[in-house]
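Structure for this input, please:
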Amino acid sequence: MRSKFKWILTCILAFTLQLSFAQEKTVSGVVSDESGALPGVNIKVKGAKKGIQTDLDGKFSISVNQGGELEFSFVGYETQVMKVGASNKLNIKLQRGIILEDVVVNTGYDRKSTKPKSVIAGTTITSETLKNRPNVSFIQSLQGNSPGLVINTNSGSPGSANIDVTIRGLGSINSDTTPLYVIDGVPANGVVFRSINSSDIESITVLRDAIATSIYGNRGANGVILVKTKTGKFDSKQSFSYSVTTGTNELQEDHYGIANSQQLLTIERSASTGAGFGANPNVNNADGVVLTDAQINAFKSVDYRKVFFNVGTTTNHNLSFTFGGKNVSNFSSISYMDQEGIVPTTNFKRFTFRTNTTARTSDEKLVINSSFTAAFSRRYQLVQESNSGTTASINNNTIQNPLQGVFTALPYLDLNQYDTANGQNLFNQIGTNFNDGNSAYVLLNVLTPNNLPNRINELKILGNISATYNISKAFSFTSKLGIDLTSSERTNARAPWSYLAIAVRETNGLTYGGLEQRVNSRDFSITSINSLTYTKKFKEKHSLDVSVFSEFARYLLSSSAQRHNGLNLQTYAFGAGTGWMPNDNANFPNNAPTVSGSQAIAGTFSYFGTIAYDFDSRFGFEGIVRRDASYRFIDEYKWGTFWSIGARWNIDKEDFMKNSPFSMLKLRFSYGTQGNQNLGYAGIGGNAIYTSNNLVRDLVASGIGYDNNGGLFTSQIPNNTLQWEEQVMTNIGIDFEVFKNRLSGNIDVYRRQTNKLLNNINISAVVGNGTTMSGNNGTLRNDGIELLLRYKLIKDAKNVKLTLNFNTTYNHGYYYDIERTVVGGSEIRENGARIGEYYMVPYVGVNPATGNLLFLDSKGSYTESPTTNDLRRTGKSYAPAVTGGFGFNFDYSGFFVDAQFSYAYDVWAWDNNLNMLYNPASIGQQNKSADLLNAWSPTNTQSSVPSLFANNYSLGTDLSDIFLRDASFLRMKNVMLGYNVNPSFLAKTFIKSVKIFAQLENYLTWTKWKGFDPEVTTWGNYPLPKTTSFGLNLEF
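Residues are numbered from 1 along each chain as shown. The predicted model follows:
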């Protein structure tokens, strides 16, 4: 009987085991997108740890139970979950994601979270937004793609780093306001803008709130931008890709309505005085008689836009290679970019090389990552622009800056009258009378190649290596070392044969003219980061992640400069070191060279910890505490402790949400503090770590005093109580996905408050060095709301997809607690005032009785003679109140149209070009606006244009808001039209995919601003060009 029972039990067990095996099956297929197969797609069995990746051809094979679910995810694409049916074949087509990252959220220091479990306010932008764009800097391609992120390109000069980036408003008034850039986990200098090839970037994440940025301590006080570059994939075949983009760059249009020859000569004639002579001799004929209408009409007009500017070309080549073995993977790329500027003497060339390698042991306990980037660039800029392009404005000398001269040059000049290419001949013909209407001739000589060259060679090296050792299932240790080196050499000259060199030589009675200057700088930093992480899941519903970190950073900056006056006309060659006349104090004292140098060393040390807890994917909590030590302060204030907390509630996981249309509904909250040690503005692209190092120490300088005796004096009063600026940020946000992820987005409300502002505080004049000193005083706030939406308007139609995206930010930045009102130029700082608010006298129009300018005084009455007592807050600021962007992505059977727009509202700027074009004082020497034809006169008393003889014009430009203009804009940032060749056409070739496209960049702008570019409002700065380009992408 017992034997029979054993036999029956054996049969039952065998049958059960056979049934179990029968339920598990192998499913295979191909994962693709509209372009073809997708390698490296992550495939997981839901509810299990099992997972694989697709191979180079997008193929996969995985064992799964029938009725189970497979999750397909890939960076830049929407995650899809498919239920396994009776078939063993499963082909998946993923849809692109343009802005939202649906798989992994990067939260800093290589920490990652999923979107449902993330507590941060952050936006991830994928490679689809960046690649193939014609911009030198990837930063320019981010504009309009993330809420809270404001990007203002202050110079469109090829290769310029003059890009102003802020996140959630300006957090300081005298300190650095630039976000921290982190490349593959290692902080990098902002000059990296022009050194990174956009095609190498996999994703960029913009971190905005305290729980996202406080882990970076004082360096993250202004927000953090994480850049993740592409890597290889394990178990994938080798793959090559090549892309080429070529196009043209053109000058934007202005709307000043500058006068042509007939209009200007008529204006000059109207402004003539005395015996009937005009303001300019050109108005009169040889007999001294004012020109008649017929004589005026006979003049031709020169269009200086065509004379001073050209259509430049842009070409960009990229070649990349990737492969992955079982335990080693690599991504490598090389690129070459050549961009010509709209000014003939400006251009940029760049060569980049990048290689990223990942290796692991067979048991996957040790993983090593390395990344190396080398970029060499050479650019030629207008001679007034600095090495990094950080000057607020290039020199506004109308005889050296074509961006200024295009508005001032007289249109009735005969440009063939003089030999402008030959400096000596031009000097013989006009002498030093370059301001008497001759600026166009001088500018033509300046724009002649090699007359005023300004060349910058730059080498950029970024590298890091990291090792992660999985000590156990719960513990892992990571060590990372990163370097950032920028080495540059700037050489600029005033060639001895140029007109300007000859004019300076003759004016000062020198034997030799010309000058050459060389500036060498090297900025090197090394960062070491170590971390220990504990990860554990308890009773299936509880997850805990705890990490401790230490970070040490060392910065070294050295620079040297040499300048030499006096160059030999016969032997001089630019940059060759030849032709420098020797120093001879007896005969040629002006040939003495000047040499200078500097060196700075700085460092920071930090240790910090993080904790993250999750309960059943419904509730989550994160906390960060960080201690930073700064060399800037005395020992008592050296250390700063900063912290943040964040929490979330996944409302969609609750039982009462089971039948709701929400696939995700999450409420987030964060609060935290941060410090700012960068007490001083380093300039865009500069390194604030080196600025204002001695604010807590006496500075003594030497000088010449009474009876020519030397002496010493205190040039700076120290403040040993100076300490960290402190920032407190509060954020409440909602993330949602609704209607089967057809509509998704987030809303955030925040307050960013900076306390202990680095500001001027009052001291007694008895001290002997002014009445103020640097100290901690005051508070400013940025209150705002952010909205990001993504809507799949057409999702399920065959071969048709249309996705819309929109984001907007309202930010109100204002002074909250300032001890004393400060007026600097036309800006005021006082409690309640907007950050960057203009402080001016209101201009109300033209006095119909006199033609003079009319203003509103402090009592509300009209006056022609305003004083500083009539100044008041305008409510208008250079900081925009509303910014954002919107766009769409349309696909139909391989054809696609992608468009992105950006906008800024309630932003104001002083228009100095308009001031110059209206100013009657320079009639006869400079061109004017055609509006002056309608200037007030006794027979035209209702004109809105002041009289050409108004005697209070200077009061208007010195005190009033007459030329304070609205610089709000809506810009078509990029539109791309293209076609992805159907993979079936390529089936019998070695080519995997082909993409052809055409695009427009910065091509259309709607604005009230009259200048070339509402983003580049500084007088005489280089505007962004509008670009047309065509491209081809190939994958093998």
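
Please, where are all the helices along the chain?
With DSSP state H as the criterion, the chain has helices at 2-23, 127-130, 210-213, 261-270, 293-297, 304-308, 402-408, 423-430, 439-446, 499-507, 912-918, 953-959.

can you redo the ones you listed as a markdown table with distance to residue 566 and mean neighbour count?
Where you see a C-beta, it was placed from the backbone N, CA and C, and this is true even at glycine. Shown next, in a markdown table, are the helices of the chain (distance: least, CB to CB, whole Å; neighbours: other CB atoms under 10 Å):
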| stretch | distance to residue 566 | mean neighbour count |
| --- | --- | --- |
| helix 2-23 | 91 | 9 |
| helix 127-130 | 48 | 20 |
| helix 210-213 | 53 | 31 |
| helix 261-270 | 40 | 22 |
| helix 293-297 | 47 | 13 |
| helix 304-308 | 30 | 18 |
| helix 402-408 | 28 | 25 |
| helix 423-430 | 16 | 18 |
| helix 439-446 | 20 | 25 |
| helix 499-507 | 9 | 21 |
| helix 912-918 | 35 | 21 |
| helix 953-959 | 40 | 18 |
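
Look up how far residue 115 lies from residue 47.
Distance, residue 47 to residue 115, by CB to CB, to the nearest Å: 19 Å.

Those two: which has the busier surroundings?
Neighbour tally, residue 47 and residue 115, criterion other CB atoms under 10 Å: the higher count belongs to residue 115, 19 against 10.

The residue lying closest to the more buried one once chain neighbours are set aside: neighbouring residues, count only.
In this structure, residue 115 finds its nearest non-sequential neighbour in residue 105, 5.6 Å apart by CB to CB, 6 or more residues apart in numbering. Using other CB under 10 Å, residue 105 has 23 other residues around it.

Name the residues linked to residue 105 by a beta bridge.
residue 113 (DSSP bridges).

Pretty sure it sits against residue 119.
No - using CB atoms under 8 Å, residue 105 makes no contact with residue 119, being 9.7 Å away.

On the pLDDT front, check residue 276 for me.
At residue 276, the pLDDT value in this model is 31.

Strands of the stretch 901-1036 of the chain, start to end?
Listed in chain order, the strands of the stretch 901-1036 of the chain (DSSP state E, counting those that start in this stretch) span 908-910, 964-966, 969-980, 993-1007, 1026-1035.

what's the most buried one of those strands?
strand 908-910 (a mean of 22; mean count of other CB atoms under 10 Å).

helices and strands around it, which ones?
Using 3 or more CB pairs under 8 Å, 6 or more residues apart in numbering; DSSP states H and E, the elements in contact with strand 908-910 are strand 872-877, strand 964-966.

Check the gap between residue 749 and residue 831 for me.
Residue 749 sits 23 Å away from residue 831, going by CB to CB.

now do residue 972
Between residue 972 and residue 831 the computed distance is 40 Å (CB to CB).

Break the protein down into its domains, please.
According to automatic domain parsing, the chain comprises the domains 24-93, 263-300.

got the end-to-end distance for the first one?
Distance between the boundary residues of domain 24-93 (CA to CA, to the nearest Å) amounts to 24 Å.

what's the answer for the shortest one, then?
According to CA to CA, domain 263-300 extends 11 Å from its N-terminal end residue to its C-terminal end residue.

same check, this time on stretch 94-114
One end of stretch 94-114 to the other measures 19 Å (CA to CA).

can you offset everything so residue one is 612?
That works, and once the first residue is 612, the last one we named lands at stretch 705-725.

For the strands of the stretch 1512-1647 of the chain, give me JSON lines that also has mean pLDDT and distance to residue 1142.
Formatted as JSON lines, those follow (pLDDT from 0 to 100; distance: least, CB to CB, whole Å):
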{"stretch": "strand 1519-1521", "mean pLDDT": "95", "distance to residue 1142": "45"}
{"stretch": "strand 1575-1577", "mean pLDDT": "96", "distance to residue 1142": "49"}
{"stretch": "strand 1580-1591", "mean pLDDT": "96", "distance to residue 1142": "38"}
{"stretch": "strand 1604-1618", "mean pLDDT": "95", "distance to residue 1142": "39"}
{"stretch": "strand 1637-1646", "mean pLDDT": "95", "distance to residue 1142": "37"}
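
May I see those strands arranged in JSON lines, with distance to residue 1012 as well?
Formatted as JSON lines, these follow (distance: least, CB to CB, whole Å):
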{"stretch": "strand 1519-1521", "distance to residue 1012": "18"}
{"stretch": "strand 1575-1577", "distance to residue 1012": "21"}
{"stretch": "strand 1580-1591", "distance to residue 1012": "24"}
{"stretch": "strand 1604-1618", "distance to residue 1012": "21"}
{"stretch": "strand 1637-1646", "distance to residue 1012": "21"}
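
and of these, who's closest to residue 863?
Of all the strands of the stretch 1512-1647 of the chain, strand 1637-1646 sits nearest to residue 863, with 5.7 Å by CB to CB.

shared neighbours of residue 716 and residue 730, which are they?
Listed contacts common to residue 716 and residue 730 are residue 724; contacts here mean CB atoms under 8 Å, 6 or more residues apart in numbering.

OK, contacts around residue 1518?
With contact taken as CB under 8 Å, 6+ apart, residue 1518 is in contact with 1488-1492, 1577-1579.

let's go with 6 Å and repeat that
If you count contacts by CB atoms under 6 Å, 6 or more residues apart in numbering, residue 1518 has them with 1491, 1578-1579.

What's the per-residue pLDDT of residue 1304 here?
50.

again with residue 636
Residue 636 is assigned 82 on the pLDDT scale.

quick revisit: my guess is the residue nearest to residue 726 contacts residue 722. True?
No - the pair residue 716 and residue 722 fails to qualify as a contact (CB atoms under 6 Å) at a distance of 9.4 Å.

Kindly export stretch 1224-1231 (C-alpha atoms) in PDB.
What follows is stretch 1224-1231, C-alpha atoms only, in PDB (Å, rounded to 0.1, in the frame of the first residue of the first chain):
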ATOM      1  CA  TYR A1224      13.000  55.700   2.100                       C
ATOM      2  CA  ASP A1225      10.000  54.200   0.100                       C
ATOM      3  CA  PHE A1226       6.900  52.500   1.400                       C
ATOM      4  CA  ASP A1227       5.100  50.300  -1.000                       C
ATOM      5  CA  SER A1228       5.700  52.800  -3.900                       C
ATOM      6  CA  ARG A1229       3.000  55.000  -2.200                       C
ATOM      7  CA  PHE A1230       5.100  57.200   0.100                       C
ATOM      8  CA  GLY A1231       8.700  58.300  -0.100                       C
END
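
Show me what counts as buried in that stretch.
Under the neighbour-count criterion of 16 or more other CB atoms under 10 Å, stretch 1224-1231 has 1225, 1231 buried.

likewise stretch 1486-1503?
Within stretch 1486-1503, the residues that count as buried by 16+ other CB under 10 Å are 1487-1492, 1494-1502.

before we move on, what about stretch 1147-1161?
Buried, per 16+ other CB under 10 Å, within stretch 1147-1161: 1154, 1156-1158, 1160.

Can you lay out these as CSV showing pLDDT and distance to residue 1185?
As requested, the buried residues of stretch 1147-1161 are exported to CSV (pLDDT from 0 to 100; distance: CB to CB, whole Å):
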residue, pLDDT, distance to residue 1185
1154, 93, 64
1156, 94, 59
1157, 96, 60
1158, 95, 54
1160, 95, 50
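
from those, which is closest to residue 960?
When those are compared against residue 960 (criterion: CB to CB), the nearest one is residue 1160, at 39.9 Å.

Can you name the residues bridging to the closest one?
According to DSSP bridges, beta-bridge pairing links residue 1160 with residue 1142, residue 1219.
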